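In: Next one to model:
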Amino acid sequence: MRRRDFLAGALALPVAARAWAQENQDLWDRLRAGGLVLLMRHASTEPGLGDPRGFKLDDCSTQRNLSDAGREEARRVGARLKAERVVIAKVFTSPWCRCRETARLAFGHAEDWTPLSSTFDFPHHEAQYIERVKKRIGTYSRRNPGGNVVMVTHNVNIAALSRHSVAPAELVVMRPDGCCDAKPIERLKP
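Out: Residues are numbered from 1 along each chain as shown. Sure, this is the predicted structure:
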């Protein structure tokens, strides 16, 4: 690499960093204004894929649960949203223990909602659940303009709703369309 090319690239980095910071600031401003839905994947779990055979929703000891690192991720997400003064009006969660714990650690509370359940092992439920979630998201801003809604769920569900595959504890910010769907605005890893 020639010195001139290196210098040109080095000088462009602060400009790119400022542009990213401004875009990120715009997202935080939109979140502070409310009326958005944040789809959040549960935080990091113990190793594995899916749940052990024969797991039971009412018995966390039979499920794949959060790791210590995942618990810290969940706390960090909640702290970051609070530090940015993002109002959370309502939190819904999948009834899976890893989602419930993520929601509790990040936001202090959550309401179980079956359509946020993992469809990984139950693909026959996917279309019905996704449709119900889209309807709730689509009409959210008209009913609750004073804050945002968080839905803690699983990557398979987020991918079906937003076309984004996300990391543990990552969020996809959705803008409701006022009817029956929403558009992804941005991914957010606080």
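In: check contacts around residue 26.
Out: Residues near residue 26 by CB atoms under 8 Å, 6 or more residues apart in numbering: none. C-beta here means a position set from N, CA and C on the backbone, and glycine is covered the same way.
In: same check, this time on residue 107
Out: Here residue 107 is in contact with 78, 88, 91, 150 (CB under 8 Å, 6+ apart).
In: do that again at 6 Å, thanks
Out: Residue 107 makes contacts with 78, 88, 91, as judged by CB atoms under 6 Å, 6 or more residues apart in numbering.
In: and if you look at residue 66?
Out: Contacts of residue 66 (CB under 6 Å, 6+ apart): 43, 45, 98, 101.
In: Weed out the non-buried ones from those.
Out: Those of the contacts of residue 66 that meet the buried threshold are 43, 45, 98, 101, by 16 or more other CB atoms under 10 Å.
In: Which ones among these lie within helices?
Out: 98, 101 (DSSP state H).
In: biggest separation within the buried ones among the contacts of residue 66, which pair?
Out: Comparing all pairs in the buried ones among the contacts of residue 66 by CB to CB, the longest separation belongs to 45 and 101, at 9.9 Å.
In: on that earlier part again, out of the contacts of residue 107, which are buried?
Out: By 16+ other CB under 10 Å, the contacts of residue 107 give 78, 88, 91 as buried.
In: Residue 167: which of these is nearest?
Out: For the buried ones among the contacts of residue 107, the nearest to residue 167 is residue 78 (16.8 Å; CB to CB).
In: quick one, what contacts the closest one?
Out: 106, 107.
In: ok now the helix or strand harbouring it, how far from the chain's centre?
Out: Following DSSP states H and E, one finds residue 78 within helix 68-83. The gap between the average C-alpha position of helix 68-83 and the chain average comes to 12 Å, counting by CA atoms, centre = their mean, to the nearest Å.
In: Now do the buried residues in it.
Out: For helix 68-83, by 16+ other CB under 10 Å, it's 70, 71, 73, 74, 76, 77, 78, 81.
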